[in-house]
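Colleague: model the structure of this input:
(2 chains)
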Amino acid sequence: MIKSAVRFLDQRSGTAPLVRKTLRYLFPDHWSFLLGEVALYAFVVLVGTGIYLTLFFEPSTAKTVYHGVYAPLRGVEMTHAYRSTVDISFKVKAGLLIRQTHHWAANIFVAAIVLHMLRVFFTGAFRKPRDLTYYIGLTMLTVSLLEGYLGYSMVDDLLSGMGLAIGYSVALSVPFVGAEIAQLVWGAPFPGDPQFWSRMYIAHVFLLPILIATLIGLHLFLVAARHHTQFRQRRESEWRLVGVPMFPGQAPRSLGLFFSVCAVLFLLGGLVQINPIWLWGPYEVSNGTNGAQPDWYLGWLIGALRLVPSFDVTIGGYTLVPNPFWGGALFPLAVFGILFLWPALERRFTSDQAFHNLLDRPRDAPVRTALGAALFTFVFMPFLAGASDRVFISLGLSYNWQIWFFRALILAGPPVTYVLTKRVCEELLAGEVVEQRRRRVEASA
Amino acid sequence: MRRWLVSALMLLLGRRGRRLPEPEEERVVPAGARDARAESFFVLLLFVAAVCAAGFIAVYAIGELPHRTQFLGLALGLAFAGLAAACIVAARHLVVTEELEEEYSPPEHLDEQEEVVAIVEQSGSRFTRKRLVKLAAGAAGGTLGAALIAPAVSLGPILDTSAFYETPWRRGRRLVDDAGEPFVASEIVEKLFYTAFPEGAPRNDFGAPVVVVRLQPAELRLPSDRNGWSPGGILAFSKICTHAGCAISLYRTPLFPPASPRPALVCPCHYSTFDPSTGGDVIFGPAGRPLPQLPLYVDTRGHVRAAGNFSGPVGPSWWGVRLKDARP
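Modeller: Next up is the predicted model:
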């Protein structure tokens, strides 16, 4: 049976050598190498649940009056986009499960990418020959942020409408071309032309997923072409790879991880409520709600927008750079710019042009680890500041004082983190030297 | 038909009969010990997954069921959890975990690199005027690229920001509430916060909604050119935050005086805070310019009407937004 299948395929495709090689492809064993896989499997769930949702969602801003099963919204005027999403939640059998699973999967997808990126950064896995893989991964992260934002914005509930207004304002704030960008994307001043919904929809369900899938393909191709990195444990060296073969060793592990991701996502989707849009109501330009929060992966941007003091660059009564540009555009551009430039900068400053198949432990590169930690602090402080209104609502701490506190932290935090992290790395390394010496002396005694 | 069946049967039996005990072949994958308990557990987990998946179908099929979403998620999630557990049991106890070694692929292939370069360079050797060729190819590629991108301009208005200045407010236009009822000046009280729309105009634009509050006339410190804009202390401002376009939907009054001595309009998105008593100045938060104020008057029937357009452009700023006058 197996024999005839293999023969059938090989006689027609000539791929038996390739299949043999693939089955014996080696995976070095470390838990942190699974983070990227989690992202991949979350993407699979996103595509599956997403396709189901497209069968019921109507991306239209045409108005209708709700007469569905959810009583509190009956008689409310809303767009078909919002109405159809409420219907997915209440009318379509299993619709709410799939919608919530989709939303949870999006959050976990981005979380897994970010954790994967941190692993790659702090172990030096981005070094030659894997810098191209790293750039593709970073590009995927940026595209995924946009993809997630569009996904929850299409629903046209009150929260997402506020998010779109902010996105529009950030686009508008770009010097010299902001008005053009915003009007080209939205088709008209906010809330934009009805065509804007068609644009968001095709971008969210087709253009960006195809782009992400293509990038995943390239990413995996490059990973396979250069093989995995590995930690220095026993017999590994820069040119000798030690690992478990894809088949039979790795396959059940990966499959187990895939099913675990599915299990967690569907359990979350069924048991833990996320984005109950029927509570927010439809969006109107004149409505707002307090304590509004975006999905977690945009928290750093809302925090940055909140932290910037009142400050426009103006010349003779004309605005040159409106305020949202600083927190909403310049800040993420700077962070992603540093991340994209990092491999080249590190090569430049360390004069390290060599190939690297062995990973560093974070302590092995104190400056990189310290700078990375400083950059992380620079992003994490605004992320915390993004939740300051919730802290005010639940704990009563003055919002204004929190903002001043975080303004100080975003300036002071990164240098302090840098110094502390560098010191910790150096101490750990020094401790190892002492330990080695002790062992040597004990062995000789 | 019958002949077919018989011959199929013969074929099957024949094959069976011919099957010999397989010779012990050379193993690629090491054998490893049998683990009967793990195998039973593996099978059990697969059955658990099957039962949960069947449960999902059952819950789906039952019409009305309280907590249907929860049961569906539980059934499907546990089915996947069962499969995951089975895979993990298989990985740990039922398949061999070999630790193999191999060389990384060579860092580069110098011969092939050279050959690729030679192929490309030699293929172009019949082109002699290289710079001219490059120029021509660049011109063709560049202009064709531009031509293909040009229709993107149809996406929206370009080099035209006039629409940003447009608002439906004109002198004489009445302020109406959600239900379209006009605001009566005498019914507007202090410490409350009203949302008003222009009568008979679309409401879902940045230019339309305004917030109306009433302060003691003595508290007002409006700019000198806004004399008479606030009949009886009634003030109206654009409801759209000048920072990022959210609706100003918090009115901070009355509050603990030492912390917030004056009433303030606050946007819930990034907490830009505006002072209505001074004409919408920013007193906290990121907004870069004041909230545009709408001049008001009270007509003979006591209704509140706009006395003109806003004191400045409404909504979030763009480069070139004028700090002062909006269009009349």
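Colleague: show me which residues of the stretch 301-445 of chain A are close to chain B?
Modeller: A:302, A:305-312, A:314, A:317-324, A:327-328, A:355, A:357, A:389, A:398-400, A:403 (Cβ under 8 Å from any Cβ of the partner chain). The way it works is simple: take the backbone N, C-alpha and C, and place the C-beta from them, glycine included.
Colleague: keep only those of these that are in helices.
Modeller: Using DSSP state H, the members of these that fall within helices are A:302, A:305-307, A:324, A:389, A:399-400, A:403.
Colleague: show the buried residues in the residues of the stretch 301-445 of chain A next to chain B.
Modeller: Neighbour counting with 16 or more other Cβ atoms under 10 Å in any protein chain shown marks A:302, A:305-308, A:310, A:312, A:314, A:319, A:321-324, A:327-328, A:355, A:357, A:389, A:399-400, A:403 as buried within these.
Colleague: list the contacts for A:Phe196?
Modeller: By Cβ atoms under 8 Å, 6 or more residues apart in numbering or on different chains, the residues touching A:Phe196 are A:61, A:185-187.
Colleague: which of the residues you listed tops the neighbour count?
Modeller: A:Trp186 (23 neighbours; other Cβ atoms under 10 Å in any protein chain shown).
Colleague: which one is that residue nearest to, not counting chain neighbours?
Modeller: Closest residue to A:Trp186 apart from its sequence neighbours, by Cβ to Cβ, 6 or more residues apart in numbering or on different chains: A:Gly192 at 3.3 Å.
Colleague: check what pLDDT the one you found gets.
Modeller: Listed pLDDT for A:Gly192 reads 93.
Colleague: now do A:Leu395
Modeller: A:Leu395 carries a pLDDT value of 86.
Colleague: any residues touching stretch A:134-141, and which ones?
Modeller: A:36, A:110, A:113-114, A:116-117, A:120, A:125-126, A:212, A:215-216, A:218-219, A:222, A:336, A:339-340, A:343.
Colleague: filter those to the buried ones?
Modeller: Here the buried ones among the contacts of stretch A:134-141, as counted with 16+ other Cβ under 10 Å, turn out to be A:36, A:110, A:113-114, A:116-117, A:120, A:125-126, A:212, A:215-216, A:218-219, A:222, A:339, A:343.
Colleague: out of the residues you listed, name the ones that lie in strands.
Modeller: Using DSSP state E, the subset of the buried ones among the contacts of stretch A:134-141 located in strands is empty.
Colleague: how many other residues sit next to A:Ser32?
Modeller: 16.
Colleague: how near is the residue nearest to it when sequence neighbours are not counted to A:Glu432?
Modeller: The shortest distance from A:Ser32 to any residue other than its chain neighbours is 4.7 Å, reached at A:Arg119 (Cβ to Cβ, 6+ apart). Distance, A:Arg119 to A:Glu432, by Cβ to Cβ, to the nearest Å: 21 Å.
Colleague: repeat that for A:Leu26.
Modeller: 28 Å.
Colleague: who has more neighbours, the two?
Modeller: For A:Leu26 versus A:Glu432, neighbours defined as other Cβ under 10 Å are more numerous around A:Leu26 (21 against 11).
Colleague: look at the more buried one and report its pLDDT.
Modeller: Per-residue pLDDT puts A:Leu26 at 93.
Colleague: that older thread, I'd say the residue nearest to A:Ser32 and A:Val38 touch.
Modeller: No. With contact defined as Cβ atoms under 8 Å, A:Arg119 does not count as touching A:Val38 (11.4 Å).
Colleague: which residue ranges of chain A form strands?
Modeller: Under DSSP E, chain A gives strands at A:26-27, A:63-65, A:77-79, A:240-245, A:313-315, A:318-321.
Colleague: brain fart, the stretch 151-300 of chain B
Modeller: B:175-176, B:194-198, B:210-214, B:234-238, B:250-252, B:264-266, B:273-275, B:281-284, B:293-294, B:296-298 (DSSP state E, counting those that start in this stretch).
Colleague: put together TSV for the ones you listed, with mean pLDDT on each row.
Modeller: TSV is the format used below for these (pLDDT from 0 to 100):
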stretch	mean pLDDT
strand B:175-176	96
strand B:194-198	96
strand B:210-214	96
strand B:234-238	96
strand B:250-252	89
strand B:264-266	93
strand B:273-275	94
strand B:281-284	92
strand B:293-294	96
strand B:296-298	96
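Colleague: any chance of these in a markdown table, plus mean neighbour count and distance to chain A?
Modeller: Converted to a markdown table, the strands of the stretch 151-300 of chain B look like this (neighbours: other Cβ atoms under 10 Å in any protein chain shown; distance: least, Cβ to the nearest Cβ, whole Å):
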| stretch | mean neighbour count | distance to chain A |
| --- | --- | --- |
| strand B:175-176 | 22 | 12 |
| strand B:194-198 | 22 | 6 |
| strand B:210-214 | 24 | 9 |
| strand B:234-238 | 25 | 10 |
| strand B:250-252 | 16 | 6 |
| strand B:264-266 | 22 | 9 |
| strand B:273-275 | 22 | 8 |
| strand B:281-284 | 19 | 5 |
| strand B:293-294 | 25 | 14 |
| strand B:296-298 | 20 | 18 |
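Colleague: now those as CSV including distance to A:Trp197?
Modeller: Formatted as CSV, these follow (distance: least, Cβ to Cβ, whole Å):
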stretch, distance to A:Trp197
strand B:175-176, 28
strand B:194-198, 24
strand B:210-214, 27
strand B:234-238, 25
strand B:250-252, 29
strand B:264-266, 30
strand B:273-275, 32
strand B:281-284, 33
strand B:293-294, 31
strand B:296-298, 36
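Colleague: if I look at the residue nearest to A:Ala304 when sequence neighbours are not counted, how far off is B:Pro286?
Modeller: Distances taken as Cβ to Cβ, 6+ apart place A:Gly327 nearest to A:Ala304, at 3.5 Å, with adjacent residues excluded. Distance of A:Gly327 to B:Pro286, computed by Cβ to Cβ: 7 Å.
Colleague: okay, and the common contacts of the two?
Modeller: Listed contacts common to A:Gly327 and B:Pro286 are A:305-308; contacts here mean Cβ under 8 Å, 6+ apart.
Colleague: no more questions from me, cheers.
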